[in-house]
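Novice: need coordinates for the below:
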Amino acid sequence: MADPQRARKLADRIKEIVARRLDKGLRDPRLGFVTITDVRVTGDLQHASIFYTVYGTDEERRDSALALKAATGMLRSEVGRNITARLTPTLEFIADAVPENAKHIEDLLREARERDAETSAVAATADYAGDADPYVKPRDLDADDEFDDRDEDLRA
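Specialist: Below you'll find the predicted structure:
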């Protein structure tokens, strides 16, 4: 097992190398606007998982995934030339689902705000189903009211 700090540095270096190479451009016309979001390297530095997002439609995402899969060997060679590790890690490209999850969460929060607004509007015009104050209050005995001996014992 390698030092976790070394694995983190290698992951950052791989992210930089792959992003720079994608920025220069590949000759594959299927490749869309790809952004490398994260790279994770295994503890033995043998495998790198590269997370990416693609701006565009589902078809463009699918085409970009195929283009990255086809360019994996060339990108691995590029990584091998630019790192100082004894072995070049294998590369695996994984579509990052963060943007879709973020959009779904934003939609849920918007829906919750709308429902809260509706509930507040209904509550502003609502009346009580029973008394406004539902709690039982002690009776006030007037001077005219009669009470028996048990009540007198309780007051004492």
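
Novice: confidence score at residue 23?
Specialist: As predicted, residue 23 sits at a pLDDT of 83.

Novice: actually, residue 41.
Specialist: For residue 41, pLDDT reads 93.

Novice: my read: it touches residue 47, true?
Specialist: Yes - between residue 41 and residue 47 there is a contact at 7.1 Å, judged by C-beta atoms under 8 Å. From N, CA and C alone the C-beta is placed, and that goes for glycine too.

Novice: quickly list what's touching both of those two.
Specialist: residue 89 (C-beta atoms under 8 Å, 6 or more residues apart in numbering).

Novice: dump the residue contacts of residue 49.
Specialist: Residue 49 neighbours (C-beta under 8 Å, 6+ apart): 39, 40, 41, 92, 94.

Novice: show me where this protein has its strands.
Specialist: 33-41, 47-55, 90-95 (DSSP state E).

Novice: alpha carbons only: can I get the first one in PDB?
Specialist: It refers to strand 33-41. The C-alpha trace of strand 33-41 is given here as PDB (Å, rounded to 0.1, in the frame of the first residue of the first chain):
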ATOM      1  CA  PHE A  33     -17.500  19.400 -23.900                       C
ATOM      2  CA  VAL A  34     -16.000  17.100 -21.200                       C
ATOM      3  CA  THR A  35     -15.000  18.300 -17.700                       C
ATOM      4  CA  ILE A  36     -12.900  16.100 -15.500                       C
ATOM      5  CA  THR A  37     -14.400  16.400 -12.000                       C
ATOM      6  CA  ASP A  38     -12.400  14.000  -9.900                       C
ATOM      7  CA  VAL A  39      -9.700  11.300 -10.000                       C
ATOM      8  CA  ARG A  40      -9.400   8.500  -7.500                       C
ATOM      9  CA  VAL A  41      -6.400   6.200  -7.400                       C
END
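
Novice: for residue 140, give its distance to residue 134.
Specialist: According to C-beta to C-beta, to the nearest Å, residue 140 and residue 134 sit 19 Å apart.

Novice: residue 41 bridge partners, please.
Specialist: residue 48 (DSSP bridges).

Novice: what about it, how many residues close to it?
Specialist: 25 (other C-beta atoms under 10 Å).

Novice: how close does it get to residue 4?
Specialist: With C-beta to C-beta as the criterion, residue 41 and residue 4 are 10 Å apart.

Novice: is it true that residue 11 touches residue 50?
Specialist: No - in this structure, residue 11 is not within contact of residue 50 by C-beta under 8 Å, at 9.2 Å.

Novice: right, I'll leave it there.
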